[in-house]
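Visitor: What shape does this take:
(one chain, ligands or ions: 1)
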Amino acid sequence: MKTLKTVTLLASKQQTTARAFSTTTLITSQKCPHLNSESSSETSTLNKQPLKRFDEMPGPKGLPVLGNALELAKHANNPVQYFTELAAKYGDMVRTRVFNEKMVLLSDPQLARVLSREEEGRITLKAGRHYSLDRGYPLIPLFAYTHENWNDMRQVLNVAMKPQFVNEIILPQLTELNSDLLQDIIKHFKFDKERQQFYIEDPNRDVTSPYAFGSVLKSILGGRLSKEKLSQFGFTVRQFIDDGNVGADLITKLQYLPQIYKYYKTKDYKEFERVLDLTHTRVERMMELYKENESGKARLVEYFEERAKESNMDSKCVGACTGALFNAGTDVTAKVLAILLYRVANEKDYADRMYEELVTVFGEPTLDEITSENGLVVTSEDLKQLRLCKNFIDEVLRVDHIIPIRNTRYLSKDIELGGYLLEKGTLISFLDELNTQSKYVPRGCEFLPDRHEKGSDLSEPKGYLGPFGRGARKCPGERVAGIEVYLTLINVVRHFKLAHSNGDQFPPLSADKSMMFMDASKYRLFFTPRDHLINHLKQLNKYQ
Ligand code: HEM
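Guide: Alright, predicted model coming up:
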C-alpha cells in the first residue's frame, strides 16, 4: 500500500481559510490559450476570491480513516492508468488521501513548472537513508530530509549541469564513443532471412543500456569500457544495471512498508543492503581503476572534487554523488534511447529528412565512422545546425516520456496553488500524459516535431515543465542525457534505415513498476544498413 511520510495536519477549516490570504506562498500559472474555461488553473487570489481548501478539491470519495488507501493499493501496479482516469474525471487538480496524508495529482504543466521552481521539498527515501547512516556514508539528496543540508551534496551533482561543460567536457568525451556505439549495434545484429533485414533481440538490454552506462563513465571518469578494463572490473555492466534496478524496486517497496528493518533486518532489507553494498564497491572500484585520466581531456570528477572541497566535504561525498549519477542515469536514459530508435523507425519521412540534414552538416556517412577508434567527431557547432534532429528529440521527450508521474514535491510550507490553499506536508505529483497534455498543446496527441520550430502554431505554451524538471531538484544529468540522445540519433540515422514490426502504428509502451518502456519481445526493431556498410557486414558474416 502506498502510504506517505506522516505529516502533522493543520488546524481546523476555519483557521485554514483565515490564513489563506496571509502567510502562504503564491503560486500561479499563466492561463493556457488552449485551455477551456472549466479547467482554468489561475489562482483565485488574483480575482480576490477566497482560496479553496484541499477538501473542496474534486477527487474520488474516500472511506473514513482510510481515505483512498484501498483504491490506490488496488492500482499500485498500474498507477499511470488509474491516475489518468482520475485526471479525466476530476480535472487538473485531483485530491486523494491515504489515512491523514494528503496527495494532489497535478496535470497542469505550467503549474507544475512553477511548483517545481518554488518548492524544494521532496520525499526522503527512508531505506536509503537508513542504509547510508548505518554504513557511515554521506547522505545523497534523495536520502536527506528537506530540513537538512542536502544542498551541499546537490551542488556537487549540479556540476554536471553547468552549460559550459557541455562544450568543454560532455560532448568532447561522449563523441569519442560514437564508433563503439555503432560497433555494438552491429555486434548484436541477427539476420531475418524472410525480411532480409537485421534485428536486435533487445535494443535496450543489448545496446542502449551499455551505452548509457558507458556515457556516464566517460563523462565523469573519462574512461572507456575497453576489454582490458572490463576484465578488471570484477562485474559486468549488465550486473551493475540489474542490481541497480533491484535496489530501485526495493527502495520503493520499503518506502511504503513499516520501517521494521530499523530493528530487525527483513528479507527485503537484507537484499536491498546486498545490492547497495555491491553498487558501492563497484563505484569505488571504477573510481580506482580510472583514477588516472586516460582520456587526456577534461572530465567531471575533478570538478566534483573541487566543488566538494569548497563546502569542506571529503572524497566520500564525491563517491556518493558519482554512485547517484550512475544509478539514476543509466536505466532511465537507456529506456529513452530505445524508444527513440522505435520513433525513428516509425517516422520514416522524418528519418529521411534528418538523414539529409546530417549529410549537409557532416557529409556522406563513411565506414570509417564505424571502424575508427572514436568515430564521427561531433562538435557543439555541428549540433547547432541540426534543427530537424533537435525538433525530433524534443518531440520524443514530450510524447514518449517514460516517467509519466514525476517531479513530486513534498510541501515544506503552506502554498497557494491553482486557487487552493495547500498545507505543508501535502504531496504533489505531476501527471504528464498525452491525454491530459493535449488540453494545453494543440494536437498534443500527435507526434509533430515541427511544432518545436520557432513561431509554430502548434508549439507548447511558454513556461512548460520540461522532461527533466525545473528548480533545485531538477535532473542534474540533463546535459549528459541530452548529448547521449543527440549522438545516438546522429549515428543511427547516418548508417541505418529503421523499421519496426507494428506496421504504421507506433508500438504502445508498456509499464513496469514506475517507468514506461518499449517491450522488444512484443515489437521487433529492424535495421537496414546503408550501402556503404554492406561489404563490411558481409565480411563480418552477418548475412546468415
Ligand atoms: C533522458 C534521460 C533522463 C530523464 C528523462 C531524466 C529525468 C529526471 C527527472 C524528471 C528527475 C526528477 C526531477 C524533479 O524531481 O524535478 C530526475 C532526477 C535525477 N536524475 Fe535524471 N533523467 C535522465 C537522465 C539522467 C542522467 C543521464 C543522469 C546522470 C548522469 C541523471 C541523474 C539524475 C539524478 C542524480 C537525479 C536525482 C537528483 C536529486 O537527488 O536531487 N538523470 N531525472
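
Visitor: which outside residues touch stretch 298-314?
Guide: 138, 152-153, 155-156, 158-160, 162, 165, 168-170, 172-173, 218-222, 287, 293, 315, 317-318, 321-322 (C-beta atoms under 8 Å, 6 or more residues apart in numbering). Where C-beta positions appear, they are placed from N, C-alpha and C, glycine not excepted.

Visitor: Now a PyMOL select for only the buried ones of those residues.
Guide: Buried members of the contacts of stretch 298-314 can be picked out in PyMOL with the line below, counting by 16 or more other C-beta atoms under 10 Å:
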select buried, resi 138+152+153+155+156+158+159+160+165+169+170+172+173+218+219+220+221+222+287+317+318+321+322
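
Visitor: Could you tell me the end-to-end distance of stretch 196-214?
Guide: 31 Å (C-alpha to C-alpha, to the nearest Å).

Visitor: Buried residues, it. List them.
Guide: Buried, per 16+ other C-beta under 10 Å, within stretch 196-214: 197-200, 202-214.

Visitor: need the contact list for F392.
Guide: Here F392 is in contact with R343, E347, Y350, M354, P449, L489 (criterion: C-beta under 8 Å, 6+ apart).

Visitor: for G482, that is, sorry about that
Guide: V166, I393.

Visitor: does the ligand sit close to the host helix or strand of it?
Guide: In this assignment (DSSP states H and E), G482 forms part of helix 478-495. Yes - Helix 478-495 is in contact with the ligand by C-beta under 6 Å from any ligand atom, via V480, A481.

Visitor: ok, then the element right after that helix?
Guide: Helix 478-495 is succeeded, C-terminally, by strand 496-500 (DSSP H and E).

Visitor: Show me where the stretch 401-544 of the chain has its helices.
Guide: 434-437, 478-495, 534-539 (DSSP state H, counting those that start in this stretch).

Visitor: Do I have it right that Y82 meets H75?
Guide: Yes - Y82 is in contact with H75 according to C-beta atoms under 8 Å; the separation is 3.6 Å.

Visitor: filter the contacts of stretch 298-314 down to the ones near the ligand?
Guide: Within those, those near the ligand by C-beta under 6 Å from any ligand atom are A160.

Visitor: Filter the contacts of stretch 298-314 down to the ones in strands?
Guide: Among these, no residue falls in strands (DSSP state E).

Visitor: In helices, which of the contacts of stretch 298-314 appear?
Guide: Under the assignment DSSP state H, those contribute 152-153, 155-156, 158, 165, 172-173, 218-221, 287, 315, 317-318, 321-322 to helices.

Visitor: Check what pLDDT N435 gets.
Guide: Note for N435: predicted pLDDT of 84.

Visitor: oh sorry, the question was meant for T330
Guide: Looking at T330, the pLDDT reads 95.

Visitor: hmm, back to that, which ones among the buried residues of stretch 196-214 are found in helices?
Guide: P203, S209, P210, Y211, A212, F213, G214.

Visitor: In CSV, list those residues along with pLDDT and distance to the ligand.
Guide: Shown next, in CSV, are those (pLDDT from 0 to 100; distance: C-beta to the nearest ligand atom, whole Å):
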residue, pLDDT, distance to the ligand
P203, 98, 15
S209, 96, 12
P210, 96, 14
Y211, 98, 11
A212, 98, 7
F213, 98, 10
G214, 98, 12
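
Visitor: would you turn these into JSON lines with distance to Y131?
Guide: Shown next, in JSON lines, are those (distance: C-beta to C-beta, whole Å):
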{"residue": "P203", "distance to Y131": "33"}
{"residue": "S209", "distance to Y131": "24"}
{"residue": "P210", "distance to Y131": "27"}
{"residue": "Y211", "distance to Y131": "29"}
{"residue": "A212", "distance to Y131": "24"}
{"residue": "F213", "distance to Y131": "22"}
{"residue": "G214", "distance to Y131": "27"}
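
Visitor: Closest to V246 out of those?
Guide: S209 (14.5 Å; C-beta to C-beta).

Visitor: Surely A144 is in contact with M153?
Guide: Yes - between A144 and M153 a contact is recorded at 7.4 Å, counting by C-beta under 8 Å.

Visitor: All set now, cheers.
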